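J.: fold the following and give me the result.
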Amino acid sequence: MPIPLSLPEEFVLLSQRETGEVRYEPATSFGCAAAELGELLLRGKIRIWHKERRLFSRAVLIGSGKIELLDSGSTGLAWAEEVLNGLVRRQAAKPKPVTVTSWVRHRSSDALNQHRSALLARGLLAHAPPESRRKPDRYFPHPGAREALLAELHAAIAGHRPFDGRTFVLTQLANADGLNSEMRRGLSVWTVLKSKSFGDVPPSLLRATSALTSAIPSPSTSGGGDGDGGE
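T.: Okay, the predicted model is just below:
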């Protein structure tokens, strides 16, 4: 039986377009590092928390999310051990909490390279050299695997199946990487808004996922989210 893809592997598979390119390389690399945190979050290895302020009886999240290490024990995933050990070292070196923004920035390049390599080894990406010296290498996704993953996310967005924690986190990360239209597949914005029911997603995961997506830069920004908040 094939080993299931990890969350960062799923994210990279989605991010690689049929052209072999990504929409915006910094968003993909930062998003991949954020997806690693998402995997550890879902496994109960870390917690992500925010400072909150009440505004008109509503809780408003302040600053970048902070990472709290709950369990540094083995996961059986080499990349996860590397991330957990890195968090242990960072937390030992500085008294202040490690922020999502600073960690994602620190880990982004290594994360993308590692998970691209993992997908290449499993035959889910195919590498091709750049078309010119000024362009990056191309990575073509396995069309059937990418399509199946997009169909799964579309079903949740369209309301055909409930969001679980994993689907919710992956959908939000993919949306931050510019995949909204591919996941919507022609659904009107109103239809999507009506169908979005996150009742099965714990409020703590909603807030943590917001911290992950805010660390992903868009082409109109020069960095990933807000300030480091303690790094």
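J.: regarding this structure, what is its longest helix?
T.: Secondary structure assigned by DSSP state H gives helix 100-121 as the longest helix of the chain.
J.: now the element after that one, going C-ward?
T.: strand 125-128 (DSSP states H and E).
J.: give the pairing partners of that following strand; include direction for each.
T.: Strand pairing for strand 125-128, determined by DSSP bridges: strand 138-141 (antiparallel).
J.: what's the angle from the helix or strand that comes right after the partner strand to helix 100-121?
T.: Sequence order places helix 143-157 as the next helix or strand after strand 138-141, per DSSP H and E. Per axes from the mean of the first three to the mean of the last three CA atoms, to 10 degrees, the angle that helix 143-157 makes with helix 100-121 is 140 degrees.
J.: and after helix 143-157, which helix or strand comes next?
T.: Next helix or strand after helix 143-157 toward the C-terminus (DSSP H and E): helix 165-176.
J.: using CSV, list the CA coordinates for the helix or strand following that next one.
T.: Under the assignment DSSP H and E, the closest C-terminal helix or strand after helix 165-176 is helix 180-184. Output for helix 180-184, consisting of C-alpha atoms alone and laid out as CSV, is shown next (Å, rounded to 0.1, in the frame of the first residue of the first chain):
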residue,chain,number,x,y,z
ASN,A,180,-8.4,29.5,-5.6
SER,A,181,-9.8,29.4,-9.2
GLU,A,182,-8.5,25.9,-9.8
MET,A,183,-10.2,24.6,-6.6
ARG,A,184,-13.4,26.6,-7.3
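J.: mind checking how far helix 180-184 is from the chain centre?
T.: 16 Å (CA atoms, centre = their mean, to the nearest Å).
J.: against which helices or strands is that helix packed?
T.: Here helix 180-184 touches helix 143-157, helix 165-176, going by 3 or more CB pairs under 8 Å, 6 or more residues apart in numbering; DSSP states H and E. Just so you know, the C-beta spots here come from the backbone N, C-alpha and C atoms, and that holds for glycine as well.
J.: residues in contact with residue 209?
T.: Contacts for residue 209 were tallied using CB atoms under 8 Å, 6 or more residues apart in numbering; they are 38, 168, 169, 172, 173.
J.: distance of the last one relative to residue 129?
T.: In this structure, residue 173 and residue 129 are separated by 28 Å, where distance is defined by CB to CB, to the nearest Å.
J.: who's more crowded, those two?
T.: Ranked by neighbour count (other CB atoms under 10 Å), residue 173 and residue 129 place residue 173 first, with 27 against 9.
J.: distance between the ends of stretch 184-203?
T.: Distance between the two ends of stretch 184-203: 24 Å, counting by CA to CA, to the nearest Å.
J.: hmm, back to that, CSV for the helices and strands packed on helix 180-184, including distance to residue 102 and mean pLDDT?
T.: Compiled in CSV, those are given as follows (distance: least, CB to CB, whole Å; pLDDT from 0 to 100):
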stretch, distance to residue 102, mean pLDDT
helix 143-157, 29, 91
helix 165-176, 18, 92
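J.: among those helices, which is nearest residue 83?
T.: When those are compared for distance to residue 83 using CB to CB, the nearest one is helix 165-176, at 15.8 Å.
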